[in-house]
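> next come a sequence and a model predicted from it.
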Amino acid sequence: MHSMAMIVCENLVKIYKVADLEVFALQGLDLTVETGEMIAIIGNSGSGKSTLMNMIGGLDRPSAGRLMVNDKDLLKMTDQDLFKYKRETVGFVWQSNSRNLLSYLTAQENVELPMLLSGHHKKDRALELLDAVGLSARRKNKLSQLSGGEQQRVAIAIALSNNPAILLADEPTGAVDTKTAASLMGLFRELNRQMRLTVVIVTHDPRVARSVDRVVAIRDGKTSSELLRRRSVREEMQDVGALGEAEFVSQPDVEETHEELIILDAAGRLQLPRDYLDAMGLSGKSHVKVDMEEGRIVVTRPEGMEQSQEETQDVSQLYSEEEPEPTERKGKLAIPLPFKLPKRKKDQDNKETE
Ligand SMILES: Nc1ncnc2c1ncn2[C@@H]1O[C@H](COP(=O)(O)OP(=O)(O)O)[C@@H](O)[C@H]1O
Ligand SMILES: [Mg+2]
């Protein structure tokens, strides 16, 4: 279907069994990541972000659905093939570098060690990798003498040592300050461009949206909405010059650079924003009326149901063919976390309704 796609998740399900309990960590998740794309994944704690990363990285197996990475079917692989896949296709960076680094070794030794273990020890390769992450000058320093950001750079160098097609980073900037986070994001972007590396970054930091092509929000184990860049990073860079740390920190709000679209999955399901539902007083399992009106899909509370707001909120603007009129209504909707919603835009794939 997507010949260029590096990662395709379709209706992906992961169930963890803990004693007698079943935890549905992924509940039919759909996601496609193109080759060479750099995306961020956001979502509340427990929404399934790390689970998804572990599935893509071959650290664990999905329970059901489809997961294709680099044209390989991760549900059908043998354990041996999965091991090989993990070693050859993906590089991992974690939030805490204690997971891949040894503090009593130098930066260079840390990078050489995994290569030694896999029988491919090449000093030149280690130096090349340290250079790629901007750490050549610090290569002889012990890990304990490096800053948090520098340690993450060592971790990134290690993640790149097997020349992966995909770099997976699970909250890589979670333990560093804003400036350091900005320069790490700059490094990810550089690697993404130079090596045509597909990069997936899990984050809590809305500012990373500025540095990526697309932000995918996950809610309850499903993708719920996406922020897409209005303009390419390249276009923006031409305007502001190189995207330095200062711009990163003092960037405009994300709604100026991105627009948010809700995901309509293959089965026709979508997740309406929580606060829209709250505003309509719909909670838990409800029934709603859905009508087509002038190129819009309008969701209304059925007659007879109690109305908690004065007016029915029109959530149809998502599917509008035209620019929605600014709503100056009283019950104007508040904005969900973690991003403020930009003006709702038309769905690109919306069908003609005439
Ligand atoms: N190894 C595991 N065993 C059991 N439950 C797990 C395991 N890993 C994650 N979970 C559960 O799956 C859900 C999603 O977790 P996770 O993917 O870690 O979320 P996030 O990274 O978005 O915080 C949570 O309810 C979590 O408790
Ligand atoms: Mg996590």
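Now that the structure is in, tell me what you want to look at. Just so you know, these numbers come straight off a predicted model, no measurement behind them. Ligands and ions are numbered 1, 2, ... in the order given.
> the longest helix in this structure is where?
The longest helix of the chain (DSSP state H) is helix 178-194.
> so what secondary structure elements neighbour it?
Using 3 or more Cβ pairs under 8 Å, 6 or more residues apart in numbering; DSSP states H and E as the contact test, the elements touching helix 178-194 are strand 38-42, helix 148-159, strand 166-170, strand 198-202, helix 245-249. Yep, even glycine has a C-beta here, placed from its N, CA and C like the rest.
> the residue in the stretch 51-200 of the chain positioned nearest to ligand 1 is in what secondary structure piece?
Of all residues in the stretch 51-200 of the chain, Thr51 sits closest to ligand 1, at 3.3 Å by Cβ to the nearest ligand atom. Taking DSSP states H and E as the criterion, the element that holds Thr51 is helix 49-56.
> measure Leu75 to Val69 for me?
For Leu75, the distance to Val69 equals 11 Å [Cβ to Cβ, to the nearest Å].
> of those two, which one has the most company?
More crowded of Leu75 and Val69, by other Cβ atoms under 10 Å: Val69, with 23 against 14.
> quote the end-to-end distance of stretch 115-123.
9 Å (Cα to Cα, to the nearest Å).
> for it, give the mean pLDDT please.
Mean pLDDT, stretch 115-123: 75.
> low-confidence stretches in the stretch 101-250 of the chain?
120-121, 209, 230-250 (pLDDT under 70).
> distance check, Arg210 against ligand 2.
Distance, Arg210 to ligand 2, by Cβ to the ion, to the nearest Å: 22 Å.
> confirm that that residue sits in a helix.
Yes: judged by DSSP: H, G, I helix; E, B strand; the rest coil, Arg210 forms part of a helix.
> how many other residues sit next to it?
Close neighbours of Arg210, defined as other Cβ under 10 Å, add up to 23.
> same question for Arg207.
If you count neighbours by other Cβ under 10 Å, Arg207 ends up with 16.
> do Arg296 as well
Residue crowding around Arg296 was assessed by other Cβ under 10 Å; the count is 21.
> likewise Gly28?
So Gly28, with other Cβ under 10 Å, has 19 neighbours.
> name every strand pairing with the strand or helix carrying it and say which way it goes.
According to DSSP H and E, Gly28 maps onto strand 21-34. As defined by DSSP bridges, the strand partners of strand 21-34 come to strand 5-18 (antiparallel).
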